[in-house]
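Student: okay, here's the prediction I keep looking at, along with the sequence it came from:
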2 protein chains.
Amino acid sequence: MFKVKVYVTLRESVLDPQGVAVKNSLHSLNFSEIEDVRIGKYMELTIEKSERPVEEVVKEACEKLLANTVIEDYRFEIEECVAL
Amino acid sequence: MFKVKVYVTLRESVLDPQGVAVKNSLHSLNFSEIEDVRIGKYMELTIEKSERPVEEVVKEACEKLLANTVIEDYRFEIEECVAL
């Protein structure tokens, strides 16, 4: 079994209005030192071992569903869980 | 200047309907090996050096705005950026 952490972030060149809204809220709360906020998505997948390599499964899932690759980048970390 | 990565996840005991929806979509796309999906938030903050320690600033921002600590956990990583 694998635990996979997927991070999806907006590309650098894409405006992030949600991040701007959060930044403005933080400034209203007197966090003036927080200069910039970018919001992304974080997903934890639990994947059963199968005949396909897990990297391939995750990559395909990201490309097809989890990330919009036109405006988003993704990266992931795979951890194998050993049953005791 | 600091770059801070904040991860906000639902507590283990809290149901995640968004994760269930994504899991079902993945199953429709024939990713039957993906057993479970949990959705969280990922935020990148850019923080200017100030008289308060950056850990304290981030912790307070998480408690006050970025996470709902009743149902969510948060963790963060701080990287210091050195201007060249």
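Tutor: Yep, it's here.
Student: near chain B, which residues of chain A?
Tutor: A:1, A:7-9, A:19, A:22, A:25-26, A:29, A:31-50, A:52, A:57, A:60-61, A:64-66 (Cβ under 8 Å from any Cβ of the partner chain). For the C-beta atoms, the positions are set from N, CA and C on the backbone; glycine is no exception.
Student: shaky segments in chain A?
Tutor: For chain A, the stretches flagged by pLDDT under 70 are A:84.
Student: of the residues of chain A next to chain B, buried ones?
Tutor: Using 16 or more other Cβ atoms under 10 Å in any protein chain shown as the burial test, the residues of chain A next to chain B include A:7-9, A:19, A:22, A:26, A:31, A:33-34, A:37-47, A:57, A:61, A:66 as buried.
Student: just the ones of the residues of chain A next to chain B in strands?
Tutor: A:7-9, A:34-47 (DSSP state E).
Student: and the helices in chain A?
Tutor: Applying DSSP state H to chain A gives helices spanning A:17-28, A:54-61.
Student: which helices and strands does the longest one pack with?
Tutor: Applying 3 or more Cβ pairs under 8 Å, 6 or more residues apart in numbering or on different chains; DSSP states H and E, one finds that helix A:17-28 contacts strand A:34-47.
Student: direction included, what does the strand it packs on pair against?
Tutor: strand A:2-10 (antiparallel), strand B:34-47 (antiparallel) (DSSP bridges).
Student: could you dump those strands to a markdown table with distance to residue A:71?
Tutor: Shown next, in a markdown table, are those (distance: least, Cβ to Cβ, whole Å):
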| stretch | distance to residue A:71 |
| --- | --- |
| strand A:2-10 | 6 |
| strand B:34-47 | 16 |
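Student: so for residue B:74, which of the ones you listed sits nearest?
Tutor: strand B:34-47 (8.9 Å; Cβ to Cβ).
Student: what angle separates that closest one from helix A:17-28?
Tutor: What separates the directions of strand B:34-47 and helix A:17-28 is an angle of 50 degrees, with axes from the mean of the first three to the mean of the last three Cα atoms, to 10 degrees.
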